[in-house]
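Trainee: Let me see the structure of the following:
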Amino acid sequence: DTVLQALTLLPNDLHLAVVGSSHQIPVYQNKVDKMGLTARVRFLGPLEDVTPAYQAADVLVHPTLEDTYGMVVHEAMSHGRPVVVSGPRHCGIAASLTHGVNAYLLDDPTDVNALWQAIEAVLSAANQQKLEDQIANTRREKEAAIEAQQFERAAKLRDDEKALLEQREVKETEWRAEGV
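Mentor: Numbers count the residues shown, from 1 in each chain. Presented below is the predicted three-dimensional model:
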């Protein structure tokens, strides 16, 4: 419920994919329909390989009331995904995480505003990182292009020098033959 309510506060281009089996899917599908979120929420069910789901995700949201460890959090992090997860009182893995460093921890997993703010913070940081990565990539490409141009210029100068040395050698041979 908390995730669905937070989704209504987030931009419309954000979608929720729910992975795993649950007898409650029909109940949640009904809630999704009533909240007008049908186009933004997909129940994927159990997946034999969850890697594509993690690769497609921008963030893992896991506001659980009780999870002894939270393997899903560990899996998401191993796929390089940021996580928003209940604090250590509700989720075991949170005891080994640091808020704002390697996770966003929720003191109260039922607090819609806290969840919404955490998701916004994660997405904002991710967008900032993407922009910084693009800038860094552009800089590297520019430096590589300059280096390639310098290499080409150096090769041309080497060829020109070789040609001039060959011309000088020819002229010196001609002059010696002429007795100059």
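Trainee: Find the residue ranges of this structure scoring beneath the pLDDT cut-off.
Mentor: By pLDDT under 70, the low-scoring segments of the chain are 127, 131, 180.
Trainee: Which stretches in it count as helices?
Mentor: Shown for the chain, the helices assigned by DSSP state H span residues 2-9, 25-34, 51-56, 71-78, 112-178.
Trainee: Can you list the buried residues in the third one?
Mentor: Buried residues in helix 51-56, counted by 16 or more other C-beta atoms under 10 Å: 53-54. Bear in mind the C-beta positions are built from the backbone N, C-alpha and C, glycine included.
Trainee: Just give me how far it sits from the chain centre.
Mentor: 11 Å (C-alpha atoms, centre = their mean, to the nearest Å).
Trainee: Kindly report the same for the second one.
Mentor: Mean C-alpha position of helix 25-34 versus that of the full chain (C-alpha atoms, centre = their mean) differs by 30 Å.
Trainee: Which secondary structure elements does that helix sit against?
Mentor: Counting contacts by 3 or more C-beta pairs under 8 Å, 6 or more residues apart in numbering; DSSP states H and E, helix 25-34 packs against helix 2-9, strand 41-45.
Trainee: And for the shortest one?
Mentor: Helices and strands in packing contact with helix 51-56 are listed as strand 16-19; criterion 3+ C-beta pairs under 8 Å, 6+ apart.
Trainee: centre of the chain versus the strand it packs on, how much separation?
Mentor: With C-alpha atoms, centre = their mean, you get 18 Å for strand 16-19.
Trainee: Output the contacting helices and strands for it.
Mentor: Using 3+ C-beta pairs under 8 Å, 6+ apart as the contact test, the elements touching strand 16-19 are helix 2-9, strand 41-45, helix 51-56.
Trainee: neighbouring contacts of that strand?
Mentor: 3-4, 7, 25, 28, 37, 40-47, 50, 53, 56-57, 61 (C-beta atoms under 8 Å, 6 or more residues apart in numbering).
Trainee: Given that strand, what are its sheet partners and their directions?
Mentor: Strand pairing for strand 16-19, determined by DSSP bridges: strand 41-45 (parallel).
Trainee: Show the contacting residues for Ala76.
Mentor: 54, 57, 60, 83.
Trainee: sorry, back to before: any chance of the helices and strands packed on helix 25-34 in TSV, plus mean neighbour count and distance to Leu97?
Mentor: Shown next, in TSV, are these (neighbours: other C-beta atoms under 10 Å; distance: least, C-beta to C-beta, whole Å):
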stretch	mean neighbour count	distance to Leu97
helix 2-9	18	19
strand 41-45	14	25
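Trainee: need these in CSV with distance to Glu132, can you?
Mentor: As requested, those are exported to CSV (distance: least, C-beta to C-beta, whole Å):
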stretch, distance to Glu132
helix 2-9, 26
strand 41-45, 30
